[in-house]
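Engineer: Here is my input; please provide its structure:
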Amino acid sequence: MTVDEELNLLESQLRRLKIEYEIFFSNPQKKPPSDIEWKVLTLLRKFSDGGRMSFSQRYRYNEIAQRYAVYSDLWRKKSRIREEGYRRPQDALLSVQGVRAEEHEAKHKSYGVHHISDDVTSQHFVVHCDDPEAETEKVEKLFLALSEAKQKAGEQVSGSLKSFKSFVEKKTQEIRKQHGCPRVEYSVEVQDGKVKLRARAKV
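Structural biologist: Alright, predicted model coming up:
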């Protein structure tokens, strides 16, 4: 089975798991779908290092992993309420409707390809470009770091990798021409909870 086929399977199993949990929470006699969840976790762990995947596959895997982390945290809260009983009115509401978006910060272990290179930290990712057209891998890592930072900050990820490459190529040419520098430093920074992409002339 190819990586894409296994990612298709993972996505399919996660959809099924979500449905099974909805059935579980609506039926007092139902048992939690532990067997399906075990299959999902097995596939998530299998690809957590990202070694076998291309950039697009890593990006897709991260989206699935983050979706599972959100679902898992919701299921954990609802299971606790189900076991302890509905002590507060908001607990009963939670059991029916689910958690509000701002409460979706996942406490469950999140699987994902986060450590792209040694330059990545929780606040900062830096890459130097002198010819982005030939440095495809650098641009892909920059795009992935920017997308992940935005997802973590709750910002919308817009634009495709292709449009981002065009932007970096154009921006690099502009800065090199304006400052007469050999390369441009791009950094992904989080300031006051907002993600920023900065470009600086580099000697």
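
Engineer: so what's Ser163 scoring on pLDDT?
Structural biologist: Note on Ser163: pLDDT of 84.

Engineer: Quickly find the element holding it.
Structural biologist: Assignment of secondary structure by DSSP states H and E places Ser163 within helix 161-179.

Engineer: After that helix, which helix or strand is next?
Structural biologist: Defined by DSSP H and E, the subsequent element after helix 161-179 is strand 183-191.

Engineer: packing partners for the very next helix or strand once past that following strand?
Structural biologist: Note on strand 183-191: by DSSP H and E, the next helix or strand toward the C-terminus is strand 194-202. In this structure, strand 194-202 makes packing contacts with helix 136-152, helix 161-179, strand 183-191, judged by 3 or more Cβ pairs under 8 Å, 6 or more residues apart in numbering; DSSP states H and E. Every C-beta, even on glycine, is put in place using the N, C-alpha and C of the backbone.

Engineer: And the last one, what's buried?
Structural biologist: In this case it means strand 183-191. The neighbour-count check on strand 183-191 (16 or more other Cβ atoms under 10 Å) flags Arg183, Val184, Tyr186, Ser187, Val188, Val190 as buried.

Engineer: Give me the contact list for that strand.
Structural biologist: For strand 183-191, contacts defined as Cβ atoms under 8 Å, 6 or more residues apart in numbering pick out 122-130, 142, 145-146, 149, 153, 168, 171-172, 175-176, 195-202.

Engineer: Export whatever helix or strand Arg16 lives in to CSV, keeping only CA atoms.
Structural biologist: Per DSSP H and E: Arg16 is located in helix 3-26. Taking Å, rounded to 0.1, in the frame of the first residue of the first chain, the C-alpha atoms of helix 3-26 are listed here in CSV:
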residue,chain,number,x,y,z
VAL,A,3,1.6,6.4,1.5
ASP,A,4,-1.3,8.1,-0.3
GLU,A,5,-3.4,5.0,0.0
GLU,A,6,-2.6,4.7,3.7
LEU,A,7,-3.4,8.4,4.2
ASN,A,8,-6.8,7.8,2.5
LEU,A,9,-7.3,4.9,4.9
LEU,A,10,-6.4,7.1,7.9
GLU,A,11,-8.8,9.8,6.8
SER,A,12,-11.6,7.2,6.2
GLN,A,13,-11.0,5.6,9.6
LEU,A,14,-11.1,9.0,11.3
ARG,A,15,-14.4,9.9,9.7
ARG,A,16,-15.8,6.5,10.8
LEU,A,17,-14.4,7.0,14.3
LYS,A,18,-16.2,10.4,14.6
ILE,A,19,-19.5,8.8,13.5
GLU,A,20,-19.0,5.9,16.0
TYR,A,21,-18.3,8.4,18.8
GLU,A,22,-21.5,10.3,18.0
ILE,A,23,-23.4,7.1,18.2
PHE,A,24,-21.7,6.2,21.5
PHE,A,25,-22.6,9.5,23.1
SER,A,26,-26.2,9.3,22.0
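
Engineer: Alright, that wraps it up for me.
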